[in-house]
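Visitor: Please find the sequence and the predicted model below.
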Amino acid sequence: MSPRQVEKRARRISPKSPELVVSEDDVLELMAYLLASAELCMSEPYHYGSFRLLDGASRLAGYAIGGGRARDEAWLAALKREIDDHKGLLMWDREAYVAYLQEVTGKVAEHIKREMPA
């Protein structure tokens, strides 16, 4: 399955998915982080952008967990911990960081394929 197909499947709402509620403060915080990151990407080294996106994914997982209504809270919590443990690789082992980006993307794609109806 191509990344585009996985994305399309993820956009569909699964009948077994609870509605997640994120507070307005959390939305504004993430929005401000993403917008500031977009601006900073124009002047920082290019690889910092991927770090900021990875950190944004971790923050989004945290918001979903904090709402207490995520269908698979344990999986999201484990993913958030894993991302937080690996994002620092950028600073001391860029090869391992790039490998982790590929690994985590595949892990999320596999989770989506398992959880979403065909």
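Guide: Looks like it came in fine.
Visitor: Residue 47 and residue 75: what is the separation?
Guide: 28 Å (C-beta to C-beta, to the nearest Å). Just so you know, the C-beta spots here come from the backbone N, C-alpha and C atoms, and that holds for glycine as well.
Visitor: These two - which one has more neighbours?
Guide: More crowded of residue 47 and residue 75, by other C-beta atoms under 10 Å: residue 75, with 16 against 11.
Visitor: can you tell me which residues contact that one?
Guide: Residue 75 makes contact with residue 111 under the criterion C-beta atoms under 8 Å, 6 or more residues apart in numbering.
Visitor: change it to 10 Å
Guide: By C-beta atoms under 10 Å, 6 or more residues apart in numbering, the residues touching residue 75 are 61, 107, 108, 111, 114, 115.
Visitor: can you give me phi and psi for residue 69?
Guide: Main-chain dihedrals, residue 69, degrees, to the nearest 10: phi -120, psi 10.
Visitor: Report pLDDT for it.
Guide: We have a pLDDT of 76 for residue 69.
Visitor: Over to residue 18?
Guide: Looking at residue 18, the pLDDT reads 63.
Visitor: can you give me the helices in the chain?
Guide: 3-11, 24-40, 47-66, 73-86, 89-92, 94-115 (DSSP state H).
Visitor: Which of those has the lowest mean pLDDT?
Guide: With a mean of 55, helix 3-11 has the lowest mean pLDDT of these.
Visitor: Of the contacts of residue 75, keep whichever come out buried.
Guide: Burial by neighbour count, 16 or more other C-beta atoms under 10 Å: within the contacts of residue 75 this picks out 61, 108, 111.
Visitor: was I right about the first one contacting residue 74?
Guide: In this case it means residue 61. No - counting by C-beta atoms under 10 Å, residue 61 sits too far from residue 74 to count as a contact (11.7 Å).
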